[in-house]
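Novice: Quick one: sequence and predicted model below, then my questions.
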Amino acid sequence: MSHLIVTQVVEKLNRLPDELQQKVLNFVQDLTVSVQRGVSGQQLLKFAGLIALDDLHVMRLAIEAGCEQVDVNGW
């Protein structure tokens with residue numbers, strides 16, 4: 001990590017009120033958690049080919065039917 005970036009962040013953080021500093025801390029904690037989640041693709045390769053082709057076809061049809069819809073009033 002660049003020491004310059006950390007220094008700049010700390011300088012700007014010091015100028016913020018406490019409630020915004022807390023938001024920054026929460027954001028950084030969330031980023032840390034998201035980085036720690038997940039696994040490498042290499043670890044997932046052991047699962048390749050385990051789902052039957054017929055099941056994959058059914059899954060693909062369900063995704064196409066249910067996920068490719070736009071609900072303009074949904075947001």
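Specialist: Cool, got the structure.

Novice: centre of the chain versus the helix ranked longest in the chain, how much separation?
Specialist: If you go by DSSP state H, the chain has its longest helix at helix 18-36. Averaging C-alpha positions (Cα atoms, centre = their mean, to the nearest Å) puts helix 18-36 14 Å from its chain's average.

Novice: ok, now stretch 62-72?
Specialist: With Cα atoms, centre = their mean, you get 22 Å for stretch 62-72.

Novice: Poorly predicted segments of the protein, please.
Specialist: Across the chain, the ranges flagged by pLDDT under 70 are 1, 34-37, 68-69, 75.

Novice: Show me where it has its helices.
Specialist: Using DSSP H, helices in the chain cover 3-14, 18-36, 41-44, 53-67.

Novice: closest to N73 out of these?
Specialist: helix 53-67 (17.2 Å; Cβ to Cβ). Glycine gets a C-beta too; all of them are placed from N, C-alpha and C.

Novice: quick one: the closest one to chain centroid distance?
Specialist: For helix 53-67, the distance to the chain centre is 24 Å (Cα atoms, centre = their mean).

Novice: Run through who's touching it.
Specialist: With contact meaning Cβ atoms under 8 Å, 6 or more residues apart in numbering, helix 53-67 is reached by I51.

Novice: okay, that helix in CSV with CA atoms only?
Specialist: Coordinates of the C-alpha atoms in helix 53-67 are reproduced here as CSV (Å, rounded to 0.1, in the frame of the first residue of the first chain):
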residue,chain,number,x,y,z
LEU,A,53,-26.4,-31.4,-18.4
ASP,A,54,-30.2,-31.8,-18.1
ASP,A,55,-30.2,-29.9,-14.8
LEU,A,56,-28.0,-27.1,-16.3
HIS,A,57,-30.5,-26.8,-19.2
VAL,A,58,-33.4,-26.5,-16.7
MET,A,59,-31.5,-23.9,-14.7
ARG,A,60,-30.7,-21.9,-17.8
LEU,A,61,-34.3,-21.8,-18.9
ALA,A,62,-35.4,-20.7,-15.4
ILE,A,63,-32.8,-17.9,-15.4
GLU,A,64,-33.9,-16.7,-18.9
ALA,A,65,-37.5,-16.8,-18.0
GLY,A,66,-37.2,-15.1,-14.6
CYS,A,67,-34.1,-12.9,-14.8
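
Novice: I appreciate the help and will end here.
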